[in-house]
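Engineer: here's my sequence, what's the structure:
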Amino acid sequence: MPESALADVRVIDCTHVIAGAYCSMLLADLGADVIKIEPIGGEGGRIHSDRPFRPFDLANRNKRAVAVDIQRPEGVEIIRRLAQTADVFVENFRPGVYDKLGLGYDDLKIENPGLIYCSISGFGHSGPYRERGGFDLVAQAMSGIASFTGEIGSTRPIAAGVPLSDISAGCFGALGILAALSHRHATGAGQKVESTLFESALGYAVWETGLYLATGEVAKPRGSRHRLAAPYEALKTADGYVAVGVTSQRLWSRFCKALDADGLETEPQFATPADRIANRDLLQERLEALLAAQSTAQWMEKLLAQGVPCGPVNTIAQAVNDPQIAARGLLVEVDGRRFTRAPITLSGTPVTVKTGAAAVGQHTREVLHACGYRDQDIDDLAASGVVGLAAS
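Structural biologist: All right, here's what the predicted structure looks like:
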């Protein structure tokens, strides 16, 4: 197996819940040695669940687990010593929490000037909302996303079905870390990296912010429709829906040919892209009347034969079992469980998932050994409740 892209990078992961853990998981999938720090009793997402599925397991794979009580001075000292050996430090607590512990960037960079310190929070370490907690739903609401997600004409806010701001904040955090590592490679200097749920959600609203800043138009719910093309939406068939993207006159002609509706192509109300956008309600009605004659699979075959971009509206079960996913190797099995690997493909240093989530404190002893602690030191720390060791 080729060496992983980040095989020489060590990450201290002082995160909890999703955004920060997803950031460090991406680094772990890319080969970094990620040391997960969590409370001696285990992180809440690990222990407060009686279901076989725990989000903790997905976002904390490929990591070594160390259990430390960072409310104790001895625990803080352990984190400081680990940070001296690290390339990257990631935390996602409210701004100021780690500074009060003496584990902020200004503290840790003194002994490790090359450290890349990533803080992920709801709103950032400056500004009037600095002290607020970060939640995905709140970020989707405040970024405007919830206001223009949903069915046409709806006034009820709808959040995206995935924790969009959490995952995007984790991705932007990882991107910032990689940029900072590149800068350090050139200069030797570390730096602080920030990403926030609020800014990450707003950053995803590229079309909507661009439209407003250029024209003053405020985005409204559009269902699955595109604002600048028609038909570009999910259309009902005999047994489901097919999503189509007709973004040019050439594709419109091919689309009509696939539907055996050549007369539709030149009807005055649908003749040009502007006409189709202006009359898209009527267009949808006419198209769905035609599509009702056959199944999604039958229309897919005809549309693809004409080169029209299209796809079925899958359930998550259908998506996971799609042959394209299997061909690309996105699903991997580790420790008897299946995961989706990081959706990044590198030809020379492939992304790998080697281990599932480690047990609480599974690697405490080996990690502290590497930092100079003796067995007796570790046993004493465990006996006094500063660190946790996995049951042997």
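
Engineer: please make it C-alpha for all contacts and neighbour counts, starting now.
Structural biologist: Fine.

Engineer: show me the shaky parts of the stretch 101-250 of the chain.
Structural biologist: Low-confidence segments of the stretch 101-250 of the chain (pLDDT under 70): none present.

Engineer: for it, what spans make up the strands?
Structural biologist: 116-121, 191-196, 232-236, 241-245 (DSSP state E, counting those that start in this stretch).

Engineer: which non-adjacent residue is nearest Pro163?
Structural biologist: Asp136 (5.8 Å; CA to CA, 6 or more residues apart in numbering).

Engineer: list the contacts for that neighbour?
Structural biologist: Counting by CA atoms under 8 Å, 6 or more residues apart in numbering, Asp136 touches Pro163, Leu164, Ser165, Asp166, Leu197.

Engineer: do that again at 10 Å, thanks
Structural biologist: 18-19, 122, 142, 159-160, 162-167, 169, 197-198, 201 (CA atoms under 10 Å, 6 or more residues apart in numbering).

Engineer: hmm, back to that, quick check: which of the strands of the stretch 101-250 of the chain is buried the most?
Structural biologist: Each of these was scored by mean neighbour count; the highest is strand 116-121, a mean of 27, by mean count of other CA atoms under 10 Å.

Engineer: now for that strand, which elements pack on it?
Structural biologist: The helices and strands touching strand 116-121, judged by 3 or more CA pairs under 10 Å, 6 or more residues apart in numbering; DSSP states H and E, are strand 10-14, helix 19-29, strand 88-91, helix 105-111, helix 164-187, strand 191-196, helix 197-204.

Engineer: tabulate these (a markdown table), appending distance to Ala274.
Structural biologist: Listed next are these as a markdown table, based on distance: least, CA to CA, whole Å:
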| stretch | distance to Ala274 |
| --- | --- |
| strand 10-14 | 51 |
| helix 19-29 | 41 |
| strand 88-91 | 48 |
| helix 105-111 | 53 |
| helix 164-187 | 32 |
| strand 191-196 | 38 |
| helix 197-204 | 26 |
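
Engineer: mind listing what's buried in stretch 298-310?
Structural biologist: Trp299, Met300, Lys302, Leu303, Gln306, Val308, Pro309, Cys310 (16 or more other CA atoms under 10 Å).

Engineer: picking that back up, looking at the helices and strands packed on strand 116-121, which is closest to Ile344?
Structural biologist: Closest of these to Ile344 is helix 19-29, at 9.3 Å (criterion: CA to CA).

Engineer: pLDDT averaged over the closest one - what is it?
Structural biologist: For helix 19-29, mean pLDDT is 97.

Engineer: show me what the helix or strand following it is packed up against.
Structural biologist: Using DSSP states H and E, the helix or strand that follows helix 19-29 in sequence is strand 33-38. If contacts are counted by 3+ CA pairs under 10 Å, 6+ apart, strand 33-38 sits against strand 10-14, helix 19-29, strand 63-68, strand 88-91, helix 364-370.

Engineer: Gly329: which of the ones you listed is closest?
Structural biologist: When the helices and strands packed on strand 33-38 are compared by CA to CA, helix 19-29 sits nearest Gly329, at 13.9 Å.

Engineer: show me how far that closest one is from its chain's centre.
Structural biologist: Distance of helix 19-29 from the chain centroid (CA atoms, centre = their mean, to the nearest Å) equals 9 Å.

Engineer: for stretch 256-272, same thing?
Structural biologist: The answer for stretch 256-272 is 40 Å, by CA atoms, centre = their mean.
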